[in-house]
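Enquirer: what's the 3D shape of this:
(chains A and B)
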Amino acid sequence: MAAIDDGVAAPPALPSQPSAKAARGSKGMNWWGRLKRDRTLVIMTLPAVILLAVFSYGPMFGLFTAFQAYDIYNGFTGSPFIGLDQFQRLFGDPLFWHSMENTLVLSAVQLVLYFPIPILLALLLNSIMSTKIRSFVQAIVYLPHFFGWVLVVTIFQEMLGGAGMLNTFLRQHDMATWDIMTNPDTFKYLVTAQAVWKEAGWGIVIFLAALAAIDTSLYEAAAADGANRWRRLWHITLPGMRSVIILLLVLRLGNALSIGFEQFILQRQAVGRDAAEVLDTFSYYYGVVGNNFSYGTAAGLFKGIISVVLLIAANKVAHMFGEDGFYRR
Amino acid sequence: MTTSTLPRKRRTSNRPSWEEKPSPVGQGAKSLVVLIVLAVIAVPIYSVVLTSFSTQASINKAGGLVMVPGELTLEAYKQIFSNQLIVHSLFVSLAITLLGTALSMVVSVLAAYGLSRARSFAHRPILMFMIVTMFFGGGLIPTFLVVSALGGYDAYWSQILPGAVAVFNILVLRSFFSSTSPELIDAAKIDGAGDWRILWSIVLPTSKAVLAVITLFYAVGYWNNFFAAQLYLPDNGMWPLPQVVNTYVLQGNSMPGSGITNTGQYFGHQQVAPLTIQMAVVTLTLLPILVVYPFVQKHFTKGVMVGAVKG
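Expert: Here you go, the predicted model:
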């Protein structure tokens, strides 16, 4: 009797937080009951889970190919296991080390020449008072992010290439032409310039978010204390962006071996393999194009392992600076 | 929030009282930098588009890309729309973009909603399952082998399915969906609405900004994709537009089709299509982005900023 009374009395109290929690929580319900209750939610995640299982986890198992002498006709199950032979061959391959060197050099150049630009742009944009002008500038600088690399490289080709605008101008004025697009020596600056053109504007998004999160009363107080604009920049704005800057730096260092891929495939023919071969293009050309699937996979796997190590190491450094970095602790 | 709107609005155009007046030199330097940045982005796009509408005479006069509008003509567009290869690639690109974006959005929205409800069954393991793929993957060749083994080589689905799910987008959507007020959802539940109903009638209408932005991300990804075509589509009759641009504009190969190869300019040793034709194909690739972008751009602050902070 009493139990039924409770049941009748309970509903008015139910909408309050703790009881709603209990109704939804895991306590007092076995997993089968919870599955039955949430089956719609689980079903909703299934398409994504299946696609990821096939196209992301499938290839992870395919990494085993790196330890085989993969043969297209015998397939994954029929190819012989050969252990670490592919890696031995890889480490003795000067072309592989050359692409490793290219990758690291390109990464370093991009880190030095690219990384500060979005920060500076964000500071500049943030200092524009008029909202109209600011959103107009924002709209324009975001735009190239939405162009594919094919378009970006084509546009560069039309501007700076042998038959491009710059060289046409130079030729018309009887000056020496300057073919930037096919020069292997300056290729690293060219691709950095392309990356800046395409992504620097978009890169400011996250810094603008960090800037918007800074409490304006800090500026007001600093100004009242007599700090001029540069001191406010140094003591309030930059510390406010610090954690975002370090996070992006960590990500950048962790991705030092992945500097982009399409950019190099598109320009490899124009500047030659020596300058444009990076680790990703190496595994593409030797793996897919050259039909050395196991060899290309080994190169990719090696790159993946080093990348994870780099990411963890970079994160450690971030923790030493007292920042969260990419994950905590 | 509501009380601060008025003074805030006034303050955006006026500088706060504590901020000192800018010096003319500083103001001038700042304007100059902004103008240079805008010019560096806008001028190349402008001249590429303008050249595609220019006559051969004005191109010859300029010696290449046209900067000052002279005589304008649609001749290049007439020619490329009579070229089988380009028309077909345009259709392929449109179809891949529309179908792919629709699929990606449906899958991502469902997954994001399925994972957005607090303490639901297995949402943590499923989330981990997804996030792992952001950091570890098989890489290029194992993916190629899996897709080929499933029959994706030479098939259009290889352009869509392997990259259909972007976990980052799911995370952004999820963080939006979980901020839908739980009272609203509980009220709908009491009225007898199931999860499908709640998603459709409550969560989606309140998330329009982020949906617009994520749709743009997916659509742009499909529209710009040339590498999947290079990997899986050996036959140029199946190519999407960016791969056509890559092959016949960037790499300078001669383009099959009437009237295009014989009047070409010399470029290295190969004869390629005239500049107007090339620039018309490039413009065709740029155009959808330029058209859609302004409509979505206004949602960026709402849609991306939160994603950037939370994601």
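
Enquirer: C-alpha from now on. contacts and neighbour counts both.
Expert: Will do.

Enquirer: Could you show which parts of the stretch 51-200 of chain A are in contact with chain B?
Expert: Neighbours of chain B within the stretch 51-200 of chain A, by C-alpha under 8 Å from any C-alpha of the partner chain: A:51-52, A:55-63, A:65, A:124, A:129-131, A:137, A:139-141, A:143-144, A:146-151, A:153-155, A:157-159, A:163-165, A:168, A:197.

Enquirer: Drop anything exposed from these.
Expert: Buried subset of those (neighbour count, 16 or more other C-alpha atoms under 10 Å in any protein chain shown): A:51-52, A:55-60, A:62-63, A:65, A:137, A:139-141, A:143-144, A:146-151, A:153-155, A:157-159, A:163-165, A:168, A:197.

Enquirer: helix/strand/coil for B:S17?
Expert: Secondary structure state of B:S17, per DSSP: H, G, I helix; E, B strand; the rest coil, is coil.

Enquirer: Could you check how many residues crowd around it?
Expert: 10 (other C-alpha atoms under 10 Å in any protein chain shown).

Enquirer: ditto for the one 10 residues further on
Expert: In terms of burial, B:Q27 registers 12 neighbours under the definition other C-alpha under 10 Å.

Enquirer: pLDDT score for it?
Expert: You'll see B:Q27 listed with a pLDDT of 88.

Enquirer: And what about it, helix, strand or coil?
Expert: At B:Q27 the chain is in helix, as set by three-state DSSP.

Enquirer: May I have the phi/psi pair for whatever residue of the stretch 101-250 of chain A ends up closest to chain B?
Expert: The stretch 101-250 of chain A approaches chain B most closely through A:G148 (4.7 Å), counting by C-alpha to the nearest C-alpha. The phi/psi pair for A:G148 (degrees, to the nearest 10) reads phi -70, psi 170.

Enquirer: Would you mind extracting the C-alpha trace of stretch A:154-168 into PDB?
Expert: The C-alpha trace of stretch A:154-168 is given here as PDB (Å, rounded to 0.1, in the frame of the first residue of the first chain):
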ATOM      1  CA  THR A 154      47.000  27.200 -60.600                       C
ATOM      2  CA  ILE A 155      46.400  30.700 -59.400                       C
ATOM      3  CA  PHE A 156      50.100  30.900 -58.300                       C
ATOM      4  CA  GLN A 157      51.100  29.500 -61.600                       C
ATOM      5  CA  GLU A 158      49.200  32.200 -63.400                       C
ATOM      6  CA  MET A 159      50.700  34.900 -61.200                       C
ATOM      7  CA  LEU A 160      54.300  33.800 -60.800                       C
ATOM      8  CA  GLY A 161      54.900  31.100 -63.400                       C
ATOM      9  CA  GLY A 162      56.900  31.400 -66.600                       C
ATOM     10  CA  ALA A 163      54.000  32.600 -68.600                       C
ATOM     11  CA  GLY A 164      52.400  34.300 -65.600                       C
ATOM     12  CA  MET A 165      51.600  37.900 -64.800                       C
ATOM     13  CA  LEU A 166      54.800  38.800 -63.000                       C
ATOM     14  CA  ASN A 167      57.100  37.400 -65.700                       C
ATOM     15  CA  THR A 168      55.000  38.900 -68.500                       C
END
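
Enquirer: What mean pLDDT does it get?
Expert: Rounded mean pLDDT across stretch A:154-168 is 89.

Enquirer: So, low pLDDT: which residues of chain B?
Expert: B:1-14, B:257-272, B:303-311 (pLDDT under 70).
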